[in-house]
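**Q** Sequence and computational prediction follow.
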Amino acid sequence: MTSEFSPLFDLLDARPTPPEILAVGEPTHGEPAFLTYRNDLLAALAGRGFRSVALETGAERARRVDAYVRALADDDLDTVLAEGFSHGWGGHTGNRELVVWLREHNASVAPEERIAFHGFDTPLEVSSAPSPGPYLLAAFDLVGDRIAASRDQIVEWIGGDERWSRSAAVMDPVASPGAGADAVALRAAADDLLTALWVADLPGRAIHAETALWLLRYHAQAAAPIELGLRVTRLLGIRDAWMAQNLINLRGYERRRGPTLLHAHNGHLQRHAASWNPADWKQGDLDLRWNPAGRIVAPVFGDGYVFVAGSLGASAALGLAAPAEGTFEAALEDGLNSAGTGLAAREDGQHGYSPLSAELVADADAIWHLASAGFDGPAEPEIAERIRTIPGVTEFVADEAAGAPPGSHGDRFYFAGVSHRMPFATIVAHDTADFDEKSRLDRPGVFRLNIALGRAEFTRRFGYPPAEAADHWGVVDFARIGVIMPHPAYAVQGWMGVLNPPVSLLPELDDLLDRARRRASGEPG
């Protein structure tokens, strides 16, 4: 594993100053391979003195994860993942694997060598922000006897959490409580509580008052009666400024213990201005630019801040096709790169995916590129060749011009025996409107292999008979790549499907195909 990261370690070793923060970015949150890469990198960095990892998840909630992975508190893993991560990040497989690894690693080393877990994000969403109330009351319960305001006064000023947390409180200045007399009084109380926590030698608990204070700043900006673009720009700027402060705070805790691996979207880590045109946010054509956390903290840490931008070529999970020639991504190879000049930004991204640009390439100390994530199995023609060369198998490729049903052009059907009445397997690479759309087969490069399992094998594999398949639709992700699952349309007939079969499943699929072929041809067994 270390050899995989040798180019990166050579880069770090060649710098005049050892890194305090190694900021490794990703161009989107939707590709699982970036989390796997991050986890493997952290395991390698543990041997180089790194003693903390910080993710784009809420700082206050992450304290629960840290207590769990450093065995500072007994807890349940599923509860930690659900309550210790913000923004739903605890549901990602890569984050579960990280928490499990940290717990196991920390149990095997001395307490001073344990890796701490931090979040540096805020509890904000794009169109909403929580109430400062719970954070203020948590701080008050620690040092409330040291400030002038009473608990009852704080509760009265809050006036109910819902008036702060509803979407209108951020999206409509008139509906925001952030500029009222109550909000002004709460900001003074939050400031007093923050000071009292430091005076009482409770800096580790100051995060309650800090969170309340930042939320009140955010709500105050949301109440500003200015045009939408400027107001949203400033709100985004507050979020990143808050993230920057969290980074500075956590490095204050970790500086004596060792460097920090930081992982987040490139847009938060870059040293140049961030921008966003949220056309699909249904708020008009807003061109927003603000200072991201990386631009704020980079001067603070100087050469100790190292930024490695993440880059992605093709992605099965996102349905992202290979980049066009002449783009930055097309010129990169797997692993650590330094991109050239005179290339173009790709234009085939999607919401949340940010392609490389000349500005980002010039900004980053290096680029880590994943050329083809998730497409680790044979392509559709190779799977088709694998099936049609089985002795006794006939392939039929639907052609609408030759009388095939509408919408079936290019579908592959595989028959065995003499009747050819029903196929035992099919391959499809497109959705059928109002019938078979759950697999999102219109994503570039995505196809589905379907196999007739029969009632007995279907029941054995999935734990319920085909007739009950629809009762279990709520727990099936039909768009997931590389997983055997019930067919989204023909499960009731005992069919299964798998999108882009990975190499690891090929032996099992060969066996299932052989069983289906023998049933279709009337052979015993």
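**A** That came through fine.
**Q** ranges for the helices of the stretch 151-300 of the chain?
**A** 151-158, 162-165, 168-171, 181-199, 207-222, 228-254, 266-269, 293-301 (DSSP state H, counting those that start in this stretch).
**Q** The first one: which residues count as buried?
**A** Right, the one you point to is helix 151-158. Neighbour counts over helix 151-158 (16 or more other Cβ atoms under 10 Å) mark 154, 157-158 as buried. The way it works is simple: take the backbone N, C-alpha and C, and place the C-beta from them, glycine included.
**Q** swap in the longest one?
**A** By neighbour count on 16+ other Cβ under 10 Å, the buried set for helix 228-254 is 231-247, 249-251, 254.
**Q** try the second one
**A** By neighbour count, and taking 16+ other Cβ under 10 Å as the criterion, the buried residues in helix 162-165 are residue 164.
**Q** for the record, mean pLDDT for it?
**A** For helix 162-165, mean pLDDT rounds to 96.
**Q** now do the last one
**A** Model confidence over helix 293-301 averages 98 on the pLDDT scale.
**Q** That helix - contacts with which helices or strands?
**A** The contact analysis (3 or more Cβ pairs under 8 Å, 6 or more residues apart in numbering; DSSP states H and E) places helix 293-301 against strand 21-26, helix 228-254, helix 266-269, strand 305-315.
**Q** In three-state terms, label the residue of the chain positioned farthest from its centre for me.
**A** Centroid-distance maximum for the chain: residue 418 at 49.6 Å, with Cα atoms, centre = their mean. With DSSP: H, G, I helix; E, B strand; the rest coil as the basis, residue 418 sits in coil.
**Q** Dihedrals phi and psi, it?
**A** phi -110, psi -20 (degrees, to the nearest 10).
**Q** follow-up on the earlier one: which one, of the helices of the stretch 151-300 of the chain, ends up nearest to residue 426?
**A** helix 266-269 (40.1 Å; Cβ to Cβ).
**Q** Show me how far that closest one is from its chain's centre.
**A** 14 Å (Cα atoms, centre = their mean, to the nearest Å).
**Q** pLDDT (mean, whole number) over that helix?
**A** 96.
**Q** Can you list the helices and strands that that helix packs against?
**A** With 3+ Cβ pairs under 8 Å, 6+ apart as the test, helix 266-269 has strand 21-26, strand 274-276, helix 293-301, strand 305-315 packed against it.
**Q** so which of those is the most packed in?
**A** For the helices and strands packed on helix 266-269, the largest average neighbour count (mean count of other Cβ atoms under 10 Å) is found in strand 21-26, namely a mean of 26.
**Q** now the residue farthest from the centre of the chain: how far from residue 394?
**A** 10 Å (Cβ to Cβ, to the nearest Å).
**Q** Residue 342 too?
**A** For residue 342 relative to residue 394 (Cβ to Cβ), the value is 52 Å.
**Q** The two: who's more crowded?
**A** Taking other Cβ atoms under 10 Å, residue 342 and residue 394 do not tie; residue 394 has more neighbours (12 against 7).
**Q** quick one: secondary structure of that one?
**A** Under three-state DSSP, residue 394 comes out as strand.
**Q** List the contacts of it.
**A** 388, 414-416, 420 (Cβ atoms under 8 Å, 6 or more residues apart in numbering).
**Q** Ok, residue 236 next?
**A** The neighbourhood of residue 236, defined by Cβ under 8 Å, 6+ apart, consists of 274, 276, 288, 290.
**Q** pLDDT score for residue 282?
**A** On pLDDT, residue 282 comes in at 53.
**Q** re earlier: lowest-confidence member of the contacts of residue 236, which is it?
**A** Scoring those by pLDDT puts residue 276 last, at 78.
**Q** Surely residue 123 is within a helix?
**A** No - counting by three-state DSSP, residue 123 is not part of a helix but coil.
**Q** could you check the distance from it over to residue 130?
**A** 5 Å.
**Q** Residue 77 now?
**A** 25 Å.
**Q** can you check residue 27 too?
**A** 28 Å.
**Q** of the two, who's got more company?
**A** Remark: of residue 27 and residue 130, residue 27 carries more neighbours, 25 against 19, as counted by other Cβ under 10 Å.
**Q** helix, strand or coil for residue 483?
**A** Applying three-state DSSP: residue 483 is coil.
**Q** neighbours of it, just the number please.
**A** 15.
**Q** hang on, it packs against residue 498?
**A** Yes - taking contacts as Cβ atoms under 8 Å, residue 483 lies within contact range of residue 498: 6.6 Å.
**Q** For the stretch 401-525 of the chain, which residues score under the pLDDT cut-off?
**A** Applying pLDDT under 70 to the stretch 401-525 of the chain picks out residues 401-409, 444, 525.
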